[in-house]
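Visitor: the following block contains a protein sequence and its predicted model.
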Number of protein chains: 4
Amino acid sequence: MPKSKSRKSVKAPARSAAYATPAKAWQARIGDAVDPLAEKFVESLSFDYRLAEHDIRGSLAHAEMLCTTGMISAADLAAIGKGLNSILDDIRAGTFEFDVKQEDIHMAVEAALIQRVGDPGRKLHTARSRNDQVALDIRLWCVAAIDRVDQLLTELQQAFVTLARQDGGNVMPAYTHLQRAQPILFGHELLAYVEMFQRDRDRLADCRDRTNISPLGSGAVGGSTLPIDRQQVARQLGMNGITANSLDSISDRDFVVEFAFALSMIAMHLSRWAEQWILYSSTEFDFIRIADQFTTGSSMMPQKRNPDMLELIRGRTGGVYGQLVALLTMLKGQPLAYNRDMQEDKRWLFAGFDSVELSLQIAAPMVKSATLKPQSIARRIDEG
Amino acid sequence: MPKSKSRKSVKAPARSAAYATPAKAWQARIGDAVDPLAEKFVESLSFDYRLAEHDIRGSLAHAEMLCTTGMISAADLAAIGKGLNSILDDIRAGTFEFDVKQEDIHMAVEAALIQRVGDPGRKLHTARSRNDQVALDIRLWCVAAIDRVDQLLTELQQAFVTLARQDGGNVMPAYTHLQRAQPILFGHELLAYVEMFQRDRDRLADCRDRTNISPLGSGAVGGSTLPIDRQQVARQLGMNGITANSLDSISDRDFVVEFAFALSMIAMHLSRWAEQWILYSSTEFDFIRIADQFTTGSSMMPQKRNPDMLELIRGRTGGVYGQLVALLTMLKGQPLAYNRDMQEDKRWLFAGFDSVELSLQIAAPMVKSATLKPQSIARRIDEG
Amino acid sequence: MPKSKSRKSVKAPARSAAYATPAKAWQARIGDAVDPLAEKFVESLSFDYRLAEHDIRGSLAHAEMLCTTGMISAADLAAIGKGLNSILDDIRAGTFEFDVKQEDIHMAVEAALIQRVGDPGRKLHTARSRNDQVALDIRLWCVAAIDRVDQLLTELQQAFVTLARQDGGNVMPAYTHLQRAQPILFGHELLAYVEMFQRDRDRLADCRDRTNISPLGSGAVGGSTLPIDRQQVARQLGMNGITANSLDSISDRDFVVEFAFALSMIAMHLSRWAEQWILYSSTEFDFIRIADQFTTGSSMMPQKRNPDMLELIRGRTGGVYGQLVALLTMLKGQPLAYNRDMQEDKRWLFAGFDSVELSLQIAAPMVKSATLKPQSIARRIDEG
Amino acid sequence: MPKSKSRKSVKAPARSAAYATPAKAWQARIGDAVDPLAEKFVESLSFDYRLAEHDIRGSLAHAEMLCTTGMISAADLAAIGKGLNSILDDIRAGTFEFDVKQEDIHMAVEAALIQRVGDPGRKLHTARSRNDQVALDIRLWCVAAIDRVDQLLTELQQAFVTLARQDGGNVMPAYTHLQRAQPILFGHELLAYVEMFQRDRDRLADCRDRTNISPLGSGAVGGSTLPIDRQQVARQLGMNGITANSLDSISDRDFVVEFAFALSMIAMHLSRWAEQWILYSSTEFDFIRIADQFTTGSSMMPQKRNPDMLELIRGRTGGVYGQLVALLTMLKGQPLAYNRDMQEDKRWLFAGFDSVELSLQIAAPMVKSATLKPQSIARRIDEG
């Protein structure tokens, strides 16, 4: 849809004098520019709004710690908690209005919080910087995304097993060089894909371990001199531990690239399966029947049964590889510590995740609803 | 912004019995599925809506030809012209409502046309297939996009020349291996970028020549047996000529990849300039002053002058490279002729174009408003 | 060096009638062609000779198993062992003459074995195919290569720690956006790299676990009907276990891509460090002194201290990324099971490994021999 | 082959005191290091020896100009010409011994020249730097390589036309979505590939125009103050003209990336054709018979007709894409002017060129010798 249209549907919240505080310095400058192009150029809210829930979770844990360590009062904590939860409710209800002027999700949530609860909201930024805050948010998002992909992979594996139970006993040719090599059971081939996706799940589990670690407390780059308890925040967020070096914590996006790589491997496996079944769906092979709802005809030839969904799964592989290349290119030669280049990481990661998630969602029902065509296979073998 | 939000603002047009005709065959099947996921999986309207104007231009030229060759009446042509122009007006006014159920822009426009003018609208698809129609639309979009980028490159070249006129007479060190090599004039360095962007413009011009050729008349794959006049359509659209082979015309996306490559080279050149000026903006070099509106401070250190815009220009290079890799991967091993994999080409091309367009838009004013710091350079040289 | 020169130094072994047996079918055909171009086109010996030791290790374990399970006699095993070990000795001594006519390392070793020990040599291929043999060899090579890289990473980490011990107590600026942010200890920055390389080592360890599994027994594609003991071979080779599905085992190169990815991350980290120190070596920063033997002057300006080695480390990043892209592209859309496309995987993997190995070898001594320039840093800070 | 072996066959030339002059400064330093690893790390002779002929051509033209402009005497020119031609003869005869100690081909040739003709040889470096010298050499190499690829593409196009003349009149199905769409003539499909390769030739021609321009005279970075005649050198080398900006000339490798892109498009087209014919060679399609010399059997199944050459052509696509990614990555964020990173460009360019050249060499005879199987196609169509 035209971005302009979605933009139009977003109203700016009333601005409170208070609100500007945390960002005054540069917001003011950007303000001077009165340059909507510059604003559009630097904003990331149009994609990092997806971090909202994780940003709020992180802020709630941070606020708890600030209270435990005596940096804010119980009353401040209560106000912050109430405010953040009300924002979270509005976001989940789809009624929260994101203000592009806020540049990123962290500013948007903080501005709304200050607007809703006033002074206590201003204290939330104590002992925290945008740099460690965003690093935490992306890690939390990745952990949730990894769990989502793992669940979808499990469902796809189950779909292959289900089909193997149903039609797996039939004999078909195994191919090398796309030439018939030996007869095998169809189930044997189906389980080969279960193996591929199991390796993907193992890679995701390893990536999750490296991702689920808290960088909070690294500050802008040099850590914090305040009496923070980094372990408490990590524990409360269900993370494995805390990072060891603040410069590294701020500049590290390895977990993003590693997740993008895991997604690329999944996309590659999906493309291998899609290619195989596109072949099997051709008139010449005619080994498999894809269920109606996963094929299309064409305006000129409605009787055709085009495996469009399989082609789209195969075709989207390139986009996932592309996101991996984008991330590796972005990080090449990046000096320490935080550089604005990194803002783009989410744009690409989200695109890669969305593509793989959608393909996995469609793949499982497509596998479950497919049927083998034993007579046709037998006829082909007799010919050969 | 959440896609859901923009989606919500889209109303489906009343369905006329007539409307379904062109797509009935498979729409019906997708219909059976009542599967919103499948619908979301195959739709491209959420990004190919950007082809709308070019789709309409192409249809207008096609209709003229159908009339000239006697396949439709003058009355039909008039009705089609009136309908398409009214749709174009609505799209430009932002009041046209795209119906996701239409899957792609071609269906969306055709359905609206039939709804607005009835039977004549149904005749527009005569002697045309989705396959040659989309190939034409993308070519027309690319030509317009190439012209846009060329104009922005020209403005950027002029910005470098303007700065060279202003500060070009100052002496500064030239670097090899980031070590000072020889004294040069600042203008000499600025003009090096003018050379780079001139090569980009030359590449774009060559790409434009290969792109601005009409594939219309190639039909679904084997051409058309009807008495079409392909040259007339090409002439009317201001194209250089027509393609020679229908299978190739349908499966060819070389021009998309070549444009994506030209964009990658531009992004690479921009990243080289951005890197140089990020260095020059550091306290250690302190050679150049970026205008306020193109720098930001930070919440903790408002006095900082971070070259965020330059970092974003550099950082976005990866995304442009990624689109190129996505396209090359998609086309690898694609058998003839049209495969649904190709639907994705626009998603990546648009992303690459948007990124480079935005960077070029911001680069020109940033260059024009920058100032050299001769005293600081002189001081540095004395130290060295 | 010109390949022709190295080729010239290779003599073809006397051909015994016996020798051709295993390969007769197609060697004969290639033979008919008398087409040196076709021979050059399909041969992989020019790079897979590097698998030689692993091929022999695998064959020794396979032969043991064949004997244990009674498929060959103790005398055959003794002859095979003697023959293979003599070949291994010759290879290590650099006296083994590889015959390009043998197409790949497996053929070259087998031909030499049959030539040296006669009939028993012919029995080695029992219950084994080129497909599972090469899959095993690459896995064994990868495990050894992973261990080599891990050792070099450890030495590099130690080099950073050593430098931190020596100069780590000095204060320097930390940078964000290449602008000075806060004062930090030099040691703090050095240890950031230790963290990066530790994650690389963790990734390598995970990759090693997935790689060190035996595919032997998968045969050409459908496994073997002979009474083989796959676990025995795996145990003897010190592997973690055996693969579960023969089709997958033959077509799986995930471990190669995963290793190539781990190498890409290492190259990326090296490029970040190289970039930082290239900056620090500039006259403008002047924070670090690279030891003489790691800098060069130029013919025109001998006094220059160019950080060429750091630039080469940074520059070679692209080549490592490129190998990853090559492998992902190769596997995209590959149907089951073995396709000749896969032969190329080694070419790219070796190139990526060699590049990273060499960079790591040079990086450790470069770090150890570098010295911080505290006075210069202090002077810079006073200016700022 | 093991590098060690080829290295062994290389003898170092006797060193003359004179020889070291041009490189003394840093050669000496490297010398101090007595570090063979550092030497191996920086040397490029192992791949840039391929520039030898172009380096000598460039030096001959440069020497002529030095004489015309009076910077060297006619006697010096005669000596230099005699020396360089004798070196060229030895290189062509394969008797020239490359000395790795010389680091790169420019040093190797210059050292040999000084050794052979003494003082005049030392004057060749007048008004020239390694930086503009290597930029010229690569351009000359690229022009020759482009012409070679263009010739091979022409032969491949002719092969398709020949096959079209022979079997083109037969009817076969055209495919969309790998589903049969319409009947077409086989010749129609064959000519689709002729179109693809024609676009590749057009791209190469455009790239050639941008490449065949002389950077000589740009010096190390700031040009030359000596009375050189850049146009004379360009004319003598048959180049289109001279570059306009010395900083740009030294740092520009756009022509290398553009050539690598053109090679990637050729590889992509080859992979599309290879995929199609691999399908047609399957038992299920059985449309085409690949000549014996381009198929292989397998040790276990000698009767198989595996299309290995087609698979290798398809598989090698990844490597060519990878080289393009390597080059784009290398240039991302490169500050002006020359950085040592660029040394690697040749390594990747050569690899991409070799791969495409070999594929094209094998493709033409494979196409010419293929035969269509009309009866089999007819039988398939009856079934469908």
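Guide: Arrived safely. The model shown is predicted, which means the values in this text are computed figures rather than measured ones.
Visitor: mind checking pLDDT for the nearest residue to A:P215 once chain neighbours are set aside?
Guide: Excluding the flanking residues, the one nearest A:P215 by CB to CB, 6 or more residues apart in numbering or on different chains is A:S249, at 3.8 Å. C-beta coordinates here come from the backbone N, C-alpha and C atoms, glycine included. Reading off the confidence values, A:S249 has pLDDT 98.
Visitor: figure out the helix or strand that A:S249 lives in.
Guide: helix A:246-251 (DSSP states H and E).
Visitor: for that helix, packing partners?
Guide: helix A:130-167, helix C:186-211 (3 or more CB pairs under 8 Å, 6 or more residues apart in numbering or on different chains; DSSP states H and E).
Visitor: how does it look with 10 Å?
Guide: With contacts defined as 3 or more CB pairs under 10 Å, 6 or more residues apart in numbering or on different chains; DSSP states H and E, helix A:246-251 has these neighbours: helix A:130-167, strand C:171-176, strand C:179-185, helix C:186-211.
Visitor: picking that back up, how about the residue nearest to A:P215, what does it touch?
Guide: Neighbouring residues of A:S249 by CB atoms under 10 Å, 6 or more residues apart in numbering or on different chains: A:131-132, A:135-136, A:213-219, A:221, A:223, A:242-243, A:337-338, C:192, C:195.
Visitor: what subset of these is buried?
Guide: A:131-132, A:135-136, A:213-219, A:221, A:223, A:242-243, A:337-338, C:192, C:195 (16 or more other CB atoms under 10 Å in any protein chain shown).
Visitor: quick one: is stretch A:377-384 near chain D?
Guide: Yes: Stretch A:377-384 comes into contact with chain D (CB under 10 Å from any CB of the partner chain), by way of A:379-381, A:383-384.
Visitor: what residues of that stretch count as buried?
Guide: Neighbour count says stretch A:377-384 has A:377, A:380 buried, by 16+ other CB under 10 Å.
Visitor: next: stretch A:250-258.
Guide: Counting neighbours by 16+ other CB under 10 Å, stretch A:250-258 gives A:250-258 as buried.
Visitor: widest-spaced pair of these?
Guide: A:I250 and A:E258 (17.8 Å; CB to CB).
Visitor: contacting residues around the residue in the stretch 1-150 of chain A positioned nearest to chain C?
Guide: As assessed by CB to the nearest CB, chain C sits closest to A:N131 within the stretch 1-150 of chain A, at 7.2 Å. The neighbours of A:N131, taking CB under 10 Å, 6+ apart as the test, are A:215, A:218-221, A:246, A:249-251, A:337-338, A:342, B:298-300, C:176, C:181.
Visitor: do the same with A:I213
Guide: The contact partners of A:I213, taken as CB under 10 Å, 6+ apart, are A:136, A:139, A:143, A:234, A:239-244, A:249, A:252, A:255.
Visitor: A:R272 is in contact with A:L310, correct?
Guide: No: applying CB atoms under 10 Å as the test, A:L310 and A:R272 come out as separate, 11.3 Å apart.
Visitor: the two: who's more crowded?
Guide: A:L310 (31 against 22; other CB atoms under 10 Å in any protein chain shown).
Visitor: got the contact list for the more buried one?
Guide: A:270-271, A:273-281, A:290, A:294-295, A:359, A:362-363, A:366, B:340-341, D:177-178.
Visitor: mind redoing it with 6 Å?
Guide: By CB atoms under 6 Å, 6 or more residues apart in numbering or on different chains, A:L310 lies in contact with A:274, A:277-278.
Visitor: repeat that for A:K332.
Guide: A:K332 touches C:268, C:271, C:317, D:329, counting by CB under 6 Å, 6+ apart.
Visitor: helix, strand or coil for the last one?
Guide: What DSSP: H, G, I helix; E, B strand; the rest coil gives for D:T329 is helix.
Visitor: ok, for it, nearest residue in space, not its chain neighbours?
Guide: Nearest to D:T329 is C:G318, by CB to CB, 6+ apart, at 3.4 Å.
Visitor: which strand or helix spans that neighbour?
Guide: helix C:317-331.
Visitor: ranges for the strands of the stretch 251-384 of chain A?
Guide: A:288-289, A:371-372 (DSSP state E, counting those that start in this stretch).
Visitor: from A:S59, how far out is the closest residue to A:I87 other than its chain neighbours?
Guide: With sequence-adjacent residues excluded and distances taken as CB to CB, 6+ apart, A:I87 is closest to A:A112, at 5.3 Å. Distance, A:A112 to A:S59, by CB to CB, to the nearest Å: 12 Å.
Visitor: for A:R50, same thing?
Guide: Counting by CB to CB, the gap from A:R50 to A:S59 is 16 Å.
Visitor: comparing these two, which residue is more hemmed in?
Guide: Per other CB under 10 Å, whichever of A:R50 and A:S59 has more neighbours is A:S59, with 27 against 18.
Visitor: export the helix or strand hosting the more buried one to CSV, keeping only CA atoms.
Guide: Assessed by DSSP H and E, A:S59 sits inside helix A:52-68. In CSV, the C-alpha atoms belonging to helix A:52-68 read as follows (Å, rounded to 0.1, in the frame of the first residue of the first chain):
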residue,chain,number,x,y,z
ALA,A,52,7.6,-2.1,20.9
GLU,A,53,6.6,-5.0,23.1
HIS,A,54,10.2,-6.0,23.7
ASP,A,55,11.2,-2.4,24.4
ILE,A,56,8.4,-2.2,27.1
ARG,A,57,9.4,-5.5,28.6
GLY,A,58,13.0,-4.3,28.8
SER,A,59,11.9,-1.0,30.3
LEU,A,60,9.8,-2.7,33.0
ALA,A,61,12.7,-4.9,34.0
HIS,A,62,15.0,-1.9,34.0
ALA,A,63,12.6,0.1,36.2
GLU,A,64,12.3,-2.8,38.7
MET,A,65,16.1,-2.8,39.0
LEU,A,66,16.2,1.0,39.4
CYS,A,67,13.8,0.6,42.3
THR,A,68,15.6,-2.4,43.9
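Visitor: show the secondary-structure elements that it is packed against.
Guide: helix A:74-92, helix A:105-117, helix A:130-167, helix A:230-236 (3 or more CB pairs under 6 Å, 6 or more residues apart in numbering or on different chains; DSSP states H and E).
Visitor: tell me the most buried of those?
Guide: helix A:105-117 (a mean of 23; mean count of other CB atoms under 10 Å in any protein chain shown).
Visitor: now for that helix, which elements pack on it?
Guide: If you count contacts as 3+ CB pairs under 6 Å, 6+ apart, helix A:105-117 packs onto helix A:45-48, helix A:52-68, helix A:74-92, helix A:119-123.
Visitor: for it, the distance to its chain's centre please.
Guide: Put simply, helix A:105-117 sits 24 Å off its chain's centre (CA atoms, centre = their mean, to the nearest Å).
Visitor: hmm, back to that, quick one: closest of the helices and strands packed on helix A:52-68 to D:G352.
Guide: helix A:130-167 (34.3 Å).
Visitor: what angle sits between that closest one and helix A:105-117?
Guide: 110 degrees (axes from the mean of the first three to the mean of the last three CA atoms, to 10 degrees).
Visitor: mind checking if stretch A:162-176 is in reach of chain D?
Guide: No: using CB under 6 Å from any CB of the partner chain, stretch A:162-176 never reaches chain D; the gap is at least 7.3 Å.
Visitor: got CSV for the contacts of A:K332, with distance to C:M107, neighbour count and pLDDT too?
Guide: Formatted as CSV, the contacts of A:K332 follow (distance: CB to CB, whole Å; neighbours: other CB atoms under 10 Å in any protein chain shown; pLDDT from 0 to 100):
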residue, distance to C:M107, neighbour count, pLDDT
C:M268, 38, 26, 98
C:S271, 39, 27, 98
C:T317, 36, 33, 98
D:T329, 36, 32, 98
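Visitor: kindly indicate which of the residues you listed lies nearest C:A38.
Guide: D:T329 (34.2 Å).
Visitor: that closest one and D:A52, how far apart?
Guide: On the measure of CB to CB, D:T329 and D:A52 end up 28 Å apart.
Visitor: need the residues of chain A near chain C, please.
Guide: A:174, A:176-177, A:181-182, A:184, A:189, A:191-192, A:195, A:199, A:206, A:220-222, A:244-245, A:247-248, A:254, A:261, A:268, A:271-272, A:275-276, A:314, A:317, A:321, A:328, A:331-335, A:337-339.
Visitor: please consider this matter closed, and thank you.
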